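Chemist: Got a predicted model here, sequence first, then my questions.
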Amino acid sequence: DTGVSQDPRHKITKRGQNVTFRCDPISEHNRLYWYRQTLGQGPEFLTYFQNEAQLEKSRLLSDRFSAERPKGSFSTLEIQRTEQGDSAMYLCATNAGAGELFFGEGSRLTVL
Amino acid sequence: GENVEQHPSTLSVQEGDSAVIKCTYSDSASNYFPWYKQELGKGPQLIIDIRSNVGEKKDQRIAVTLNKTAKHFSLHITETQPEDSAVYFCAATRNDYKLSFGAGTTVTVRA
């Protein structure tokens, strides 16, 4: 399968713990996006990379959130000191420029 | 920022009938309007998109219309089939990378 790959698919953690999600893009795609989706809602933009440069961050991305894309390939999204309000599906998407976003299947976070 | 509203939130149609989903947007500078379909346990997948220099676009049973003056756009699915059952999201953006999504429409096609 050469689509966008996300790991883990589901993470259950206790409040206050740190979690990290990984996204492996489609190989020729230089743009990578993180979105968050809560139940019954559409995805919300979190951040965007072009190659290794993080070009924009949403105000939804508090200081507890950090995203990286070293070497412009895979990306990680870390959440420190998780809160129950962080429970959501974290979606990664990639593309090679303007137009269609190719989404992964998401990483579902449950904070107890 | 952009605000996208989507209606209805749920839609049940008989197989073979048409389904219509409507969205409005707030940012008059938005110029790209994609529609995504999300099946259970999967990420959203693009089904059709339209840019602001076009009023209508069709791909087999799916069509999208755009009214820039009224700032609304619609998805039309004809001859619905059971595999069309899913959640559909509209989105809008002015800059190609930061999509603002609607809240989604759950479409159920009754056999």
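Modeler: Arrived safely.
Chemist: Not counting its neighbours along the chain, what's nearest residue B:70?
Modeler: Ranked by Cβ to Cβ, 6 or more residues apart in numbering or on different chains and with sequence neighbours excluded, the top spatial neighbour of residue B:70 is residue B:24, at 7.8 Å. Using the backbone N, CA and C atoms, a C-beta is placed for each residue, glycine as well.
Chemist: what about that neighbour, how many neighbours?
Modeler: Neighbourhood size, residue B:24 [other Cβ atoms under 10 Å in any protein chain shown]: 18.
Chemist: which residues does it contact?
Modeler: Residues in contact with residue B:24 (Cβ atoms under 8 Å, 6 or more residues apart in numbering or on different chains) are B:4-5, B:70-72.
Chemist: what does residue A:11 give?
Modeler: With contact taken as Cβ under 8 Å, 6+ apart, residue A:11 is in contact with A:19, A:21, A:107-110.
Chemist: Quick check on those residues: which are buried?
Modeler: Neighbour counting with 16 or more other Cβ atoms under 10 Å in any protein chain shown marks A:19, A:21, A:107-109 as buried within these.
Chemist: Select, from the contacts of residue A:11, the two members most distant in space.
Modeler: Greatest spacing in the contacts of residue A:11, by Cβ to Cβ: A:21 and A:110 (13.0 Å).
Chemist: Three-state assignment for the residue nearest to the spatial centre of chain A, please.
Modeler: The centre of chain A sits closest to residue A:34, judged by Cα atoms, centre = their mean, with a distance of 3.7 Å. Here residue A:34 is recorded as strand under DSSP: H, G, I helix; E, B strand; the rest coil.
Chemist: Please report how far it lies from residue B:21.
Modeler: 26 Å (Cβ to Cβ, to the nearest Å).
Chemist: ok so, going back, ok, of the contacts of residue A:11, which one's closest to chain B?
Modeler: Lowest distance from chain B to the contacts of residue A:11 (Cβ to the nearest Cβ) belongs to residue A:108, with 9.3 Å.
Chemist: Give the bridge partners for that closest one, please.
Modeler: Beta bridges link residue A:108 to residue A:10, residue A:89, judged by DSSP bridges.
Chemist: Residues in a beta bridge with the residue nearest to the centre of chain A, which ones?
Modeler: Beta-bridge partners, per DSSP bridges, of residue A:34: residue A:47, residue A:92.
Chemist: I figured it was touching residue A:79, is that so?
Modeler: No - contact criterion Cβ atoms under 8 Å: residue A:34 and residue A:79 do not qualify, at 11.1 Å.
Chemist: Residue 75 - how many residues pack around it?
Modeler: Since you didn't name a chain, this refers to chain A. 24.
Chemist: could you do chain B instead?
Modeler: The burial count for residue B:75: 25, using other Cβ under 10 Å.
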